[in-house]
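Student: got a structure for you, letters missing:
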């Protein structure tokens, strides 16, 4: 009897230890995924990035990759053209750790793209014209404050927008900033503030969900990992900062290496354009199926008539 009770107590104690070990292992994995140092480094990276930094291209945003390669061979001109049909490279993460590493990297790398999505969501989600005009005026004020945004607009318009440090399109830059900001505030007061704030809140939730979904689905590539490492190393001002940047770089490279996936083969489609071959095939077909003379009731002759194929179904 004593031995049976001892075995029961020993088994219960072993089960308790196993449960505690499982809980400690899960908490350790959670701590590794949500490390305080990682969060601090993430906040520091966000602060280092200027608010008007250049956004990534949309091809890079969607991780565009080649889906099909098309080779166009023109025999007449003796030229070969190669084109790619691209598709997005978004995919689901393998586990929670990969999803968290994607969110940490993409939330910094594509922050400006997410900001553009939020601005568009707020503009399309407004409930009155006055609030929409106020948002447009505020966006114009932000553009006038940023040299990067003005430079992007000048490039998009092929240099039609002339600007410098003091003037934009022939207007004093500081005066234009004050005017657009004052007009935005005036239009906001004229609009229904309560309804528009509620609409703006809904738009921000929508933009946040879109950004979170993209951050989870967008895989981390080697180019982005190396870019982050170089930024951290260039921003280091002391030995401690350099050591932290090197440690973060090693973590980022390990995360990319452990979560990388094999590249899928790209099929190749060859399209040949040969007018001489087409003419030869047509001539050969005419010789195999010679035209026969057909005469109607009025005596007209159709020399292009050919024997129709025997079809046992409706055309």
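Tutor: On my side now, so go ahead. For clarity, every value in this text was computed on a predicted model and none was experimentally measured.

Student: any stretches of the chain with poor pLDDT?
Tutor: For the chain, residues meeting the criterion pLDDT under 70 lie at 1-35, 276-315.

Student: residues contacting residue 200?
Tutor: 122, 125, 126 (CB atoms under 8 Å, 6 or more residues apart in numbering). Yep, even glycine has a C-beta here, placed from its N, CA and C like the rest.

Student: most neighbours out of the residues you listed, which is it?
Tutor: residue 122 (23 neighbours; other CB atoms under 10 Å).

Student: quick check: closest non-adjacent residue to it.
Tutor: If the residues on either side of it in the chain are set aside, residue 122 comes closest to residue 203, at 4.5 Å by CB to CB, 6 or more residues apart in numbering.

Student: helix, strand, or coil at the one you found?
Tutor: helix (DSSP: H, G, I helix; E, B strand; the rest coil).

Student: likewise residue 219?
Tutor: coil.

Student: circling back: what residues are up against the residue nearest to residue 122?
Tutor: Per CB under 8 Å, 6+ apart, neighbours of residue 203: 118, 121, 122, 124, 125, 126.

Student: could you find the closest non-adjacent residue to the last one?
Tutor: Which is residue 126. residue 132 (4.4 Å).

Student: now the contacts of residue 200 as JSON lines including secondary structure and distance to residue 257?
Tutor: Below are these laid out as JSON lines (DSSP: H, G, I helix; E, B strand; the rest coil; distance: CB to CB, whole Å):
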{"residue": "122", "secondary structure": "helix", "distance to residue 257": "39"}
{"residue": "125", "secondary structure": "coil", "distance to residue 257": "41"}
{"residue": "126", "secondary structure": "coil", "distance to residue 257": "45"}
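
Student: between those, which is nearest residue 142?
Tutor: Closest approach to residue 142 among the contacts of residue 200 (CB to CB): residue 122, at 12.6 Å.

Student: and the strands in this protein, which stretches?
Tutor: 65-74, 79-87, 167-168, 171-172, 268-273, 294-295, 301-302 (DSSP state E).

Student: turn those strands into CSV, including mean neighbour count.
Tutor: Formatted as CSV, the strands of the chain follow (neighbours: other CB atoms under 10 Å):
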stretch, mean neighbour count
strand 65-74, 14
strand 79-87, 11
strand 167-168, 18
strand 171-172, 12
strand 268-273, 11
strand 294-295, 12
strand 301-302, 10
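
Student: next one: residue 215 from residue 111, what distance?
Tutor: 10 Å (CB to CB, to the nearest Å).

Student: isn't residue 229 right next to residue 254, touching?
Tutor: No. Between residue 229 and residue 254 there is no contact, the gap being 11.8 Å when judged by CB atoms under 8 Å.

Student: now do the contacts for residue 150.
Tutor: Residue 150 neighbours (CB under 8 Å, 6+ apart): 143, 144, 161, 163, 168.

Student: export those as JSON lines, with columns for distance to residue 244.
Tutor: Output for these, formatted as JSON lines (distance: CB to CB, whole Å):
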{"residue": "143", "distance to residue 244": "35"}
{"residue": "144", "distance to residue 244": "37"}
{"residue": "161", "distance to residue 244": "41"}
{"residue": "163", "distance to residue 244": "39"}
{"residue": "168", "distance to residue 244": "41"}
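
Student: just the buried ones from the residues you listed?
Tutor: Those of the contacts of residue 150 that meet the buried threshold are 143, 144, 163, 168, by 16 or more other CB atoms under 10 Å.
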